[in-house]
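Asks: okay, sequence plus prediction incoming.
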Amino acid sequence: MRRLPRGWRAAAWIGVLLGVLAALVALPPIEIRSAVAPLLVGLVALTVGIGSWIRGERRIGSYAVAAGVFGLLIGYLATRSSVDKLDAVVVWGALFAAMLRYATPLAFASLGGLFSERSGVVNIGLEGMMLTGAFFTVWGADRTGTWMLGLAIGIVAGGLMGLLHAFFSISLRADQIVGGTAINFLALGITTYLFVKLYGSEGTPSDVSTIPSIHLGFLGHGFIGDVFGRLDLLIWVAIVLIFVVWIVVFKTPIGLRIRACGEHPRAADTVGINVYAVRYGAVVLSGMLAAAGGAFLSLGFNGSFTPNMTAGRGFIALAALIFGNWRPFGAAAACLLFGFASALGVALQTYSLSISTLFTALPYVITLVAVAGVIGRSIPPAAVGRPYVRQ
Amino acid sequence: MSAGEDVRQLPEEPLPEDVVNRYRVMQKAGGLVAPLLTVILAFLISGVVVLLTTRSVSDTLRTYQGIFNGTGLDWFFRVGSYSVGVPFTGARVWFPWNTNDISSQAAANLEQTLLLWTALVLVGLAVAFAFRCGLFNIGGQGQYLAGSIGAVLVATELPHVVALPSILLIVVSIVAGMLAGAALAGIAGLLKGTVGAHEVITTIMLNWIVIWVGSYLFAVGGPLQTKAAGAAGAVPSSADIPDSAKIHVFWGDPLFQGLTIGFFVAIGSLVVYDLLLDRTTLGYEVRAVGHNPEAARYGGIGVARNYFVAMAIAGTFAGLAGALDLLGWKFREDITDIQSSSIGFIGIAVALLGRNTAVGVGLAALLFAALQTGTASRSLDPSIFPPELASSLAVIIQGLVVLFVGADVIVLILLRRVRGRRQQRAVPA
């Protein structure tokens, strides 16, 4: 058991909690209708955050500042809006269930990117790999009649995209960012081409076998039941996967090898690790995981495929990876945060379509602020992006 | 990435060729051969895709012929004896092509290709200029959109404040677009220079921020959505720019995507790009930083400052593209356009294929512009190849070009090896 945080670190964490509280007091079920309460609590959070930031607790301190600002804003806006609308938008069970649904495709792609980048290969082709998985899963499910084979076909297709990226960036030593850009172009072109050729204007069939949900009736109809009672199978897989990836990357020899190739490939080579093989494996795996995320998007979330349906989610996944400091739990937390922003954005459509659109930009702003070093410092694997030449 | 390079430099490891070094090598070595091979290879592989679709070799060739005819480049085959007016004078001089023909299919297609060329040259230069400073600008898309948003703002709002003569309104709107592009790219340059945030990540994030903030501005109920009576609040787009803000069309239909004098601005920008890099102190410093930032710093060149300057100039080019497109033929900004445009990404392909030289960017932009126009559904014969597939084919070809361009150092190595063997054989004989 690690020691609990002390001093300014503890103060900063309290600031984070106060920031969340500032929003909570004005929202159901508490719903204080006076603007004073959220403003006061938010300001305290802000002060604590700035104080601990000055005292050197940069990362948590800035979390507290952010939480304070957001809590203050959301809390204030909530007190200004009608109780009916508030009750319609803020249904915690529905919001959290939606958060999990939005976070799942991101989590798959993010964990995929983690393998690739930890092994030293930049993967901005995640978007294209997701799109590939999204199309081929629906196509496979349509052809074979079962979602299981469809998912397998989608994952294999994503793996092939990963293999292409691996071949160009590892064997041919092409620039990895150029290669990733090419993957995105290719995936968009190929999936749209096949979609138009095979399905045309009618779209993918509506009776395609979709990924089932897991019904947990015993959870009842409370908050827990609303959130976890009817989740898609792949959401549970994603949750398990986060732990599996953490164990594999940080607790097994394979993980150590992957990380060694990303930090110091020459040293890894010297102790007998086959750097090319490890990187190939990691990049192919990243393509497969990203494809699983795409599969959830098409066959789990929508039940259909539409051209360019990933719409930048691959880049959000990349952002989550960076925001999460190239760690599984960090990336997962970032995916949840971005997923919650999406869920809230959709819920906010009740208020205004344009505000909800603006909300979509939030993950990118947060990531920009994060890489700018305001929130701690993102340190990527040392050798990421550098081709390795065996001597 | 960069933060890692700063924090944990690997001392015994020689810096492997990164993309910038790679293209410097190729600039010296390969000439036209490697890019040409790249393009031919891409077209051959996409030919296989077409072959699988049409199931006939002759139909594959006819598809490519149809795409070529759709580019409008066949217009140049109709040589004759015509005259063309000299701008700003009443005089007319002899010209081998009929410029009075503004409505034939070939002429309309060529106008379209050259209009697209204008934008592609500028977004290509935006990527290329940053490359020469050692920066990979993925943000051409966002900078292009920022440019058109800046231009539409000024062109629609400024006439309410002061009545400006047309030429002044156009210039001010264009400058606003250029500044918007420069500011957006400048953020990435500034972050790179000060905290070492990798420009690839920051420019990707900035792209999406612009896309969604732009969508917010012009969405239904958004602050800048059109208030025109006919639209009745249902159209998610900006107000139309006044006629006085529209750029002069010198060839084709002035109201429907005729070729504007922005075409000459693009040609001028190619010249400016070349002169700026090769003939000025600023260009020297930018190239020095791109060459080797450590050596440049040792030589007294402000690396951080040059990162900022190079990105800002790159953003200026892309912003100019956005402004010219908006004032030339779009006339309004709508959110479907913001969300579906991909011109900035094609700019990456243009710069890579054009190897960051002015001439190369001009030629590569022509290739991609022609490809885009030629595969637009209206120019293809549906009995040979389904036109709705053709635009996806263009995306596949773009992807293949980028893929091979990234690896065309391999082509060079192979070429060199072949040459080396020949020389070895020649020596004993």
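Replies: Looks like it arrived, so ask away.

Asks: only C-alpha atoms for contact and neighbour calcs from this point on.
Replies: OK.

Asks: just the residues contacting stretch A:273-280, thanks.
Replies: Stretch A:273-280 is contacted from outside by A:116, A:119-121, A:163, A:166-167, A:170-171, A:257-258, A:261, A:265, A:268-269, A:388, using CA atoms under 8 Å, 6 or more residues apart in numbering or on different chains.

Asks: start to end distance for stretch A:343-354?
Replies: For stretch A:343-354, the first-to-last residue distance is 15 Å (CA to CA, to the nearest Å).

Asks: now do the buried residues in it.
Replies: Buried residues in stretch A:343-354, counted by 16 or more other CA atoms under 10 Å in any protein chain shown: A:343-348, A:353-354.

Asks: contact residues of the stretch 151-300 of chain B facing chain A?
Replies: By the rule CA under 8 Å from any CA of the partner chain, the part of the stretch 151-300 of chain B lying against chain A is B:191, B:195-198, B:201-202, B:204-206, B:208-209, B:212-213, B:215-217, B:219-222.

Asks: flag every residue of the stretch 101-250 of chain A that's near chain B.
Replies: Contact residues (CA under 8 Å from any CA) of the stretch 101-250 of chain A with chain B: A:168, A:172-175, A:178-179, A:181-190, A:192-193, A:196-197.

Asks: counting neighbours, which of the contacts of stretch A:273-280 comes out on top?
Replies: A:G120 (34 neighbours; other CA atoms under 10 Å in any protein chain shown).

Asks: that residue in helix, strand or coil?
Replies: Classification of A:G120 by DSSP: H, G, I helix; E, B strand; the rest coil places it in coil.

Asks: for it, what are its contacts?
Replies: Contacts for A:G120 (CA under 8 Å, 6+ apart) come out as A:261-263, A:279, A:381-386.

Asks: where does B:R22 land on pLDDT?
Replies: For B:R22, the model assigns a pLDDT of 56.

Asks: where do the strands sit along the stretch 201-350 of chain A?
Replies: Ranges of strands within the stretch 201-350 of chain A are A:213-215, A:230-232, based on DSSP state E, counting those that start in this stretch.

Asks: could you dump those strands into a markdown table with mean neighbour count and mean pLDDT added?
Replies: Formatted as a markdown table, those follow (neighbours: other CA atoms under 10 Å in any protein chain shown; pLDDT from 0 to 100):
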| stretch | mean neighbour count | mean pLDDT |
| --- | --- | --- |
| strand A:213-215 | 15 | 81 |
| strand A:230-232 | 19 | 82 |
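
Asks: any chance of those strands in JSON lines with distance to B:N69 as columns?
Replies: Listed next are these as JSON lines, based on distance: least, CA to CA, whole Å:
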{"stretch": "strand A:213-215", "distance to B:N69": "52"}
{"stretch": "strand A:230-232", "distance to B:N69": "50"}
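
Asks: in JSON lines: the buried residues of stretch A:343-354, plus distance to chain B and pLDDT.
Replies: Shown next, in JSON lines, are the buried residues of stretch A:343-354 (distance: CA to the nearest CA, whole Å; pLDDT from 0 to 100):
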{"residue": "A:A343", "distance to chain B": "16", "pLDDT": "87"}
{"residue": "A:L344", "distance to chain B": "16", "pLDDT": "84"}
{"residue": "A:G345", "distance to chain B": "12", "pLDDT": "83"}
{"residue": "A:V346", "distance to chain B": "14", "pLDDT": "83"}
{"residue": "A:A347", "distance to chain B": "16", "pLDDT": "82"}
{"residue": "A:L348", "distance to chain B": "13", "pLDDT": "80"}
{"residue": "A:L353", "distance to chain B": "7", "pLDDT": "76"}
{"residue": "A:S354", "distance to chain B": "5", "pLDDT": "77"}
